[in-house]
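>>> Give me a model of this one.
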Amino acid sequence: MSVFTRAKNGLFGQTKPRNPHSLENLKYLYGVLNRNPTVSDANRDLLIESLRCISEILIWGDQNDSSVFDVFLERGMLTYFLNYMRQKNGRYICVQILQTLNILFENIRHETSLYYLLSNNHVNSIIVHKFDFNDEEITAYYISFLKTLSLKLNSHSINFFYNERNHDFPLYVEALKFFNHQETMVRIAVRTLTLNVYKVSDPAMHRFILDRTATEYFSNLVWFIRNQILDFDKILRNNRDINNRSHIICSLEEYLDHIHYLQDIFLLGVDSLNNVLKEQLMNRLLIPVYVFSLIRRDKFSRVKDPRIMVEQSSALFLLAEVFLVIRYRPVIEELADIILSADIETVEAVQHRYGEQVTYSSPPASLDVCLAKVESIETKINSDVSLNALDIHDNTARYRQDGNHTRARSASSSPRHFSPDRQRNSETNVKPASLYVSNWTDDEKAKRSGDRMSFNENHLAERPYFEALIQALDCTESDQQCFYALSVLLTMTMNPSVDRVILESNCLTVKSSDKSFYNTILVDALCKILLSFVTPDSNIRLVTLSLAINLLKRLVYNEEDKISYISDHHLARIEQAHEQITQDLRRHYREQEMFLDMFEDEYRQMQLNPIRLEYLLKDACMLYPATTTPLSGVEFIKRLPSGDIERARKAIRAFFLIRTLSLELRLTTENELPLTKPENLVKENDKLDLNNSDLIACTVFMKEKKDRRFLVTDPMQFILIEPDVKRMGWGIVKFCDLMQDVEVANDKEDTRSLHITIHKPVNNIYVKSNPPILNAKFTFDDHIRCMTAKQNLSKGRQR
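Prediction:
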């Protein structure tokens, strides 16, 4: 190239630098953008490649040369991005720009570089640009871009996105419009973005969210969850085929995501937002849908709309998930207190109030409409209607005042009205009105604690929701409702946010050290489950029995001090169940040749994989009626047995569970199980005296090696030894395992050989099988020794 050509190219900016990651290359790319202000088919590919290269240079400059950001800012290169997006033919450019910005902000590490990019407000202009969101690719990149920006938020960078003077927050507001998008990943990204926004400690920004979007967003969010719940219940009613559960699995996962999202918001500890969310959650979902569905819709006829009712088993499942996941005390305590302690008068008043109040029973205004409107704070406050739960224990005044906060109000109370100044000054100190135990006076707590000794059938009849829980423990037809009723009682009583005063007022002694006043009605129902389980052809599954025993033990047994408070009457019923399951076990012992194998295996499985409630509640199979066929893919403990072998396995598991309960309540130490004591077993590298042992010589072929070994005849273990060269008549153990894990098969081509495989039990219930610890061909000296070895191994398994 001549000197004149190089000078000409340099003059017009057409010489591309050799180093792609350099300040010179950025200037060259700026020249490309400057010479191509309009997108066309001819230059589209060039511009897309230029944008990609610019992002690479900026990422390189973030780590190596900060001057590239000076040039990027001085030349106003983001302005070109905006101009390209606003052109009619800019669809491909929009995709590339969003992808470029997403990669760029995701990889920027230095705050100075980030502030360079966010200056001049160009990023906010890109956020509010009217993209074609009918294009799925643009939507995906746009939401990903917003989520990436939210990950960069802190107390300093928030000022680039939230304009306090103009009350403008495009990053948050534009993202909210996608909260109910049809694509799951988009919804998840929006939830992540909101959490990133809420956790930034900026009072002015929180004030904006509270005044302009909190009620609108949370009301629409809870309504969206509510509609999904109603669809979920409809699918369950219309589809009882457990083999066609894909839709239920998707709906269940979506619901679990929502519950964990709500808990994540509560965990951020922003009281003003938590108060709004709590009001919407309680009044739009938890009380009118979940709690009201616990009792028959015709028992209290105040609520006229049957569409908000779900099946009782669905309501129990939904409540169990709430108590399992959410730890926000104002919500959990109020919900628990309503379910356990609301009397008939209170239930009628609450349902009457919801039947007449349309604020929460009708759909909220569309979030798009709400975000488009600019309301004044005064108008918003004056239109706010709060529907708090009733005080369910003060039958005269039905309200309680604690300082400046109303704890609960009667059905006829009027909406709250706050002045703007009062609401603004109390932002960080606002405490939600609720049945919050910490707000109770000492006299109130003493009154609740004093009532605990007198709980009886009459008290239960006066509490419709608690009575519905107890009645759901009936397993006459099926144990499905029983399983979820037990789940509600366990998750509620174990939730750390439920104060023991609420539980003890209903004689639920789970959190009490003194359990002498335990709820006898509930314990009667639990003992009935145990007795029903041990009857022939019982329709109760092992998981239900396990939960019943777990709750029963928590009610009557102090595990720390090893003290049992159970009455002789209830202990006799448990011993009756223990005796019946023992008799059933004796029958299976006579009928099953491999009984010992099953007995030891079930014991090990119970020790390795104890039943955990949190995993059971995530399993969509539990939402369907109990099945018997293993072909459904449902784990054995979650279905009814099929065939004599599975009935024997069920009886063995039940024997272990009931026996353990019986021993603990009788304060007796277990000294018989397991049958095989680990300390009595032979271990590898042990030296054995073989003078009085039966040995069978064999050659072991494993992959590409072979070893000469002696097989020891032992009733409990499979043992391979090699002679000890130092001591005559002794051997060194080279391999050993329990006989019940051994699988033996003849070699079809050689009568002197056996194929022996040994599998260890899996330690994880979600793993079907482990690789074998031994898989080898054993060749003996003759076919007689081969048959003898096989007989010894088979007898060992049967023992």
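
>>> mind listing what the spatially most central residue of the chain touches?
The centre of the chain sits closest to Leu256, judged by C-alpha atoms, centre = their mean, with a distance of 5.6 Å. If you count contacts by C-beta atoms under 8 Å, 6 or more residues apart in numbering, Leu256 has them with 321, 325, 618. Any C-beta I mention is one placed from the backbone N, CA and C, and that applies to glycine too.

>>> again, only using 10 Å
By C-beta atoms under 10 Å, 6 or more residues apart in numbering, the contact list for Leu256 reads 321, 324-325, 617-618.

>>> so where's the stretch 201-350 of the chain uncertain?
296-307 (pLDDT under 70).

>>> Quick one: the helices in it, in order.
Taking DSSP state H, counting those that start in this stretch, the helices of the stretch 201-350 of the chain run over residues 203-208, 215-238, 246-267, 271-281, 312-325, 329-341, 344-356.

>>> ok, now the stretch 451-600 of the chain?
457-461, 464-471, 480-494, 500-504, 520-533, 542-556, 568-591, 595-608.

>>> So what's the gap between the fourth one and the chain middle?
Remark: helix 500-504 is offset 26 Å from the chain centroid, using C-alpha atoms, centre = their mean, to the nearest Å.

>>> Equivalent analysis for the last one, please.
The gap between where helix 595-608 is centred and where its chain is centred comes out at 29 Å by C-alpha atoms, centre = their mean.

>>> right, and Ser125 touches Leu118 too?
No. Counting by C-beta atoms under 10 Å, Ser125 stays clear of Leu118, with 11.6 Å between them.

>>> Settle it for me: which of these two has more neighbours?
Leu118 (19 against 16; other C-beta atoms under 10 Å).

>>> any idea which element the more buried one lies in?
Using DSSP states H and E, Leu118 maps to helix 111-118.

>>> on contacts alone, who are the packing partners of the next helix or strand after that helix?
Counting by DSSP H and E, the element after helix 111-118 in chain order, helix or strand, is helix 122-127. For helix 122-127, the packing partners by 3 or more C-beta pairs under 10 Å, 6 or more residues apart in numbering; DSSP states H and E come out as helix 77-85, helix 91-107, helix 136-150, helix 170-176.

>>> what residues does helix 122-127 touch?
Taking C-beta under 10 Å, 6+ apart as the rule, helix 122-127 contacts 73, 76-79, 81-82, 85-86, 94, 97-98, 101, 105, 117-118, 142, 145-146, 149, 160-163, 168-175.

>>> residues contacting Lys618?
249, 252-253, 256, 321, 324, 612.

>>> please redo it, this time with the cut-off set to 7 Å
Contact analysis of Lys618 by C-beta atoms under 7 Å, 6 or more residues apart in numbering lists Leu256.

>>> Number the residues from 606 up from this point.
I'll keep to 606 as the first residue from here, and by that count the last item is Lys1223.

>>> rewinding a little: can you pull the buried residues of the helix holding Leu723?
718-719, 721-723 (16 or more other C-beta atoms under 10 Å).

>>> Same check on stretch 855-870?
Buried, per 16+ other C-beta under 10 Å, within stretch 855-870: 856-857, 859-860, 863-864, 866-870.

>>> just stretch 1065-1085 next, same as before
For stretch 1065-1085, using 16+ other C-beta under 10 Å, the buried residues are 1065, 1067-1075, 1077-1080, 1083-1085.

>>> How about stretch 1246-1257?
Of the residues in stretch 1246-1257, those buried (16+ other C-beta under 10 Å) are 1246, 1251-1257.

>>> ok so, going back, how close does the residue nearest to the centre of the chain get to Glu1062?
The gap separating Leu861 from Glu1062 is 37 Å, by C-beta to C-beta, to the nearest Å.

>>> Once you drop chain neighbours, what's closest to Gln701?
Ile653 (4.5 Å; C-beta to C-beta, 6 or more residues apart in numbering).

>>> what separates the one you found from Thr753, distance-wise?
20 Å.

>>> And for Phe871?
Counting by C-beta to C-beta - Phe871 and Thr753 are separated by 25 Å.

>>> These two: which has the busier surroundings?
Phe871 (22 against 19).

>>> Touching, that one and Tyr933? I think so.
Yes. In this structure Phe871 lies within contact range of Tyr933 using C-beta atoms under 7 Å: 3.7 Å.

>>> between these two, what contacts are shared?
What both Phe871 and Tyr933 touch, as defined by C-beta under 7 Å, 6+ apart, is the set Asn879.

>>> mind putting the buried residues of helix 716-723 in CSV, pLDDT included?
Listed next are the buried residues of helix 716-723 as CSV, based on pLDDT from 0 to 100:
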residue, pLDDT
Ser718, 82
Leu719, 86
Tyr721, 82
Leu722, 84
Leu723, 88
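
>>> picking that back up, who wins for proximity to Lys1400 among the helices of the stretch 1056-1205 of the chain?
helix 1200-1213 (10.9 Å; C-beta to C-beta).

>>> Skip ahead from that closest one and say which helix or strand is next.
Using DSSP H and E, the first helix or strand after helix 1200-1213 is helix 1218-1221.

>>> who touches that next one?
Contacts of helix 1218-1221 (C-beta under 7 Å, 6+ apart): 929, 1092, 1095, 1148, 1152, 1227.

>>> What mean pLDDT does the helix or strand just after that helix get?
Later in the chain than helix 1218-1221, the nearest helix or strand by DSSP H and E is helix 1248-1270. The pLDDT scores in helix 1248-1270 average 93.

>>> which outside residues touch helix 1248-1270?
Contacts for helix 1248-1270 (C-beta under 7 Å, 6+ apart): 1135, 1138-1139, 1147, 1150-1151, 1154, 1158, 1161-1162, 1169, 1171, 1176, 1179-1180, 1182-1183, 1186-1187, 1189-1190, 1193, 1196-1197, 1200, 1203-1204, 1207-1208, 1211, 1241, 1246, 1275.

>>> Then stretch 1149-1169?
Under C-beta under 7 Å, 6+ apart, the answer for stretch 1149-1169 is 1084, 1087-1088, 1091-1092, 1094-1095, 1098, 1114-1115, 1118, 1120, 1123-1124, 1127-1128, 1131, 1134-1135, 1138, 1170-1171, 1216, 1218, 1259, 1262, 1266, 1269-1270, 1272.

>>> same check, this time on stretch 1091-1100
Counting by C-beta under 7 Å, 6+ apart, residues outside stretch 1091-1100 touching it are 921, 924-925, 928-929, 932, 937, 941, 1074, 1103, 1108, 1113, 1115-1116, 1149, 1152-1153, 1155-1156, 1159, 1218, 1222.

>>> Those, buried ones only, as a ChimeraX selection?
Listed next is the ChimeraX selection for buried residues among these, using 16+ other C-beta under 10 Å:
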select :921,924,925,928,929,937,941,1074,1103,1108,1113,1115,1116,1149,1152,1153,1155,1156,1159,1218,1222
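
>>> that older thread, save the helices of the stretch 1056-1205 of the chain as CSV, and put in distance to Ser877 and mean pLDDT too.
Shown next, in CSV, are the helices of the stretch 1056-1205 of the chain (distance: least, C-beta to C-beta, whole Å; pLDDT from 0 to 100):
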stretch, distance to Ser877, mean pLDDT
helix 1062-1066, 39, 84
helix 1069-1076, 30, 93
helix 1085-1099, 27, 96
helix 1105-1109, 26, 90
helix 1125-1138, 39, 95
helix 1147-1161, 37, 96
helix 1173-1196, 49, 93
helix 1200-1213, 47, 83
